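# model the following, please.
(2 chains)
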Number of protein chains: 2
Amino acid sequence: MSRWEPDARGRLAQAALELFAERGFDRTTVEDIANRAGLTKRTFFRHFADKREVLFAGQDEFRAGFVSALADAPTSATPTDAIAISLAAVGASFEGRREFARERRQVIAANPELQERELVKLASVAAALADALRGRGVEEPEASLTAETAMAVFRIAFERWVADDEQRDLPELIAESLGALSRLASTP
Amino acid sequence: MSRWEPDARGRLAQAALELFAERGFDRTTVEDIANRAGLTKRTFFRHFADKREVLFAGQDEFRAGFVSALADAPTSATPTDAIAISLAAVGASFEGRREFARERRQVIAANPELQERELVKLASVAAALADALRGRGVEEPEASLTAETAMAVFRIAFERWVADDEQRDLPELIAESLGALSRLASTP
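Next comes the predicted model:
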């Protein structure tokens, strides 16, 4: 598909982020993005269904990353440990993507509709994780609680990771949030 | 305002829920709702900005309920205890509203756009609670984690409360979810 367009997808994504930042998501067209990347609209549509897809293209892999890491956790692991393993694996998968994540975050922060989309994305991961936990024999409400709490941990760690002055990597911030959570819950 | 229309607001809300359930949210007009309630469109718009507002009208009070109950918690309370007090107060405020909540939930479950709106509503409560916790001197990431976890507890308890076969009241289900959470987090 991309034999004649080395890293067309990456160039399109970068061009889209630049334009979203410069003129806003709503005022950027697919044609603008293709032009900026030096490619055609047709090429754009070979890689993305629409301009929003540039920001949410990794969504299925993102969810699958959580679920498959959870599936790989030893069956002897407690729900909390299994979730910690899953969070660490997904956290590690973001290595090298901080700059993209920062730019993406600014675009989303400027657009309520994209924020809603992001909430839906995270809710769908929580639902998939709850499902996977029930598959491991965890009952309700523990399964849903563990899954929702895990996504809160991830979201909060991720927000800190993309903050301008943050140097630590995502797995470290996730570990810190998990630690804070267990301290909170064990407060007598 | 409602001198000549006793409980116009309640009649409109009930009519709207019935129609949303019968023909779907998208296929119900404000005119349909007013007709069903035996009132005029003009009266509808004195009570609600649009038909979606019927489902989300209580949103500001909902958020304020969490925040004011948190403010009333003793300053000596731990973040977790303060949040438990807040959850219990809001839970108690839903007494007598289970039937409405059940009908509302079915309408929302049938419509992805309304589901997004509901997620945004809960996220806005979490943000307000995190803010209030920071005001009590709780640092990050503890403040956000506590707030997000509280909303997960609330959402999960609420989902169970509106399930058809559930008899227990909302405060009891909230207490159960909080208990499950502390067991999970204290798992070694």
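
# does A:Leu39 touch A:Arg9 like I think?
No - taking C-beta atoms under 8 Å as the definition, A:Leu39 is not a contact partner of A:Arg9, at 9.9 Å. For the C-beta atoms, the positions are set from N, CA and C on the backbone; glycine is no exception.

# isn't A:Ala89 up against A:Ala71?
No - contact between A:Ala89 and A:Ala71 fails when scored by C-beta under 8 Å: they sit 10.7 Å apart.

# neighbour count: the two, which is higher?
A:Ala89 (17 against 12; other C-beta atoms under 10 Å in any protein chain shown).

# leaving out sequence neighbours, find the closest residue to the more buried one.
Distances taken as C-beta to C-beta, 6 or more residues apart in numbering or on different chains place A:Ala69 nearest to A:Ala89, at 3.6 Å, with adjacent residues excluded.

# how about A:Lys121?
When the adjacent residues along the chain are set aside, A:Lys121 lies closest to A:Gln59, with 5.4 Å between them (C-beta to C-beta, 6+ apart).

# what is the burial count for that neighbour?
Neighbours of A:Gln59 under the rule other C-beta under 10 Å: 17.

# ok, now which ones touch the closest residue to A:Arg168 other than its chain neighbours?
For A:Arg168, the nearest residue in space outside its immediate sequence neighbours is A:Trp161; the separation is 7.6 Å by C-beta to C-beta, 6+ apart. Contact criterion C-beta atoms under 8 Å, 6 or more residues apart in numbering or on different chains gives A:Phe94, A:Arg98, A:Ala101, A:Arg168, A:Asp169, A:Leu170, A:Leu173 as the residues in contact with A:Trp161.

# so which of those are in helices?
When the contacts of A:Trp161 are checked against helices (DSSP state H), the matches are A:Arg98, A:Ala101, A:Leu170, A:Leu173.

# taking the residues you listed, please make a PyMOL selection of just the buried ones.
In PyMOL, the members of the ones in helices among the contacts of A:Trp161 classed as buried (16 or more other C-beta atoms under 10 Å in any protein chain shown) are selected with the following command:
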select buried, chain A and resi 170+173
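
# of the ones in helices among the contacts of A:Trp161, which is the nearest to chain B?
For chain B, the closest of those turns out to be A:Leu173, at 8.2 Å, with distances computed as C-beta to the nearest C-beta.

# the residue nearest to that closest one when sequence neighbours are not counted in helix, strand or coil?
Here the nearest residue to A:Leu173 in space, its sequence neighbours aside, is A:Ala157; by C-beta to C-beta, 6+ apart that works out to 4.0 Å. Assigned by DSSP: H, G, I helix; E, B strand; the rest coil, the conformation of A:Ala157 is helix.

# what's the neighbour count on A:Ala157?
24.

# and if you look at A:Leu119?
Here the number of neighbours of A:Leu119 (other C-beta under 10 Å) works out to 18.

# just the element for it, please.
Assigned by DSSP states H and E, A:Leu119 belongs to helix A:112-135.

# one more: A:Gly10?
Using DSSP H and E, A:Gly10 falls within helix A:8-23.

# what parts of chain A come near chain B?
Taking C-beta under 8 Å from any C-beta of the partner chain as the test, the list of chain A residues beside chain B reads A:78-81, A:112, A:115-117, A:119-120, A:123, A:140-142, A:144-146, A:148-149, A:152-153, A:155-157, A:159-160, A:176-177, A:180-187.

# which ChimeraX command selects the buried ones in those?
Only the buried entries of these go into this ChimeraX selection, using 16+ other C-beta under 10 Å:
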select /A:79,80,115,116,117,119,120,123,141,142,144,145,146,148,149,152,153,155,156,157,160,176,177,180,181,182,184,185
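
# okay, the angle between the least confident helix or strand in chain A by mean pLDDT and helix B:170-186?
Sorting the helices and strands of chain A by mean pLDDT, DSSP states H and E puts helix A:170-186 at the bottom, at a mean of 86. Orientation check (axes from the mean of the first three to the mean of the last three C-alpha atoms, to 10 degrees): helix A:170-186 against helix B:170-186 gives 130 degrees.

# show me how far helix A:170-186 is from its chain's centre.
Taking the mean of its C-alpha atoms, helix A:170-186 sits 19 Å from the chain's own mean (C-alpha atoms, centre = their mean, to the nearest Å).

# and the gap between the residue nearest to A:Asp50 when sequence neighbours are not counted and chain B?
Setting aside the residues directly before and after it, A:Asp50 is nearest to A:Val30 in space (C-beta to C-beta, 6+ apart), at 7.2 Å. Here the distance between A:Val30 and chain B works out to 24 Å (C-beta to the nearest C-beta, to the nearest Å).

# A:Val30 touches A:Arg52, doesn't it?
No - using C-beta under 8 Å as the test, A:Val30 is too far from A:Arg52 to be in contact (10.6 Å).

# domain map for chain A?
Following automatic domain parsing, one gets these domains for chain A: A:8-54, A:58-186.

# mind putting those into CSV with distance to B:Ala130?
Listed next are those as CSV, based on distance: least, C-beta to C-beta, whole Å:
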stretch, distance to B:Ala130
domain A:8-54, 26
domain A:58-186, 9
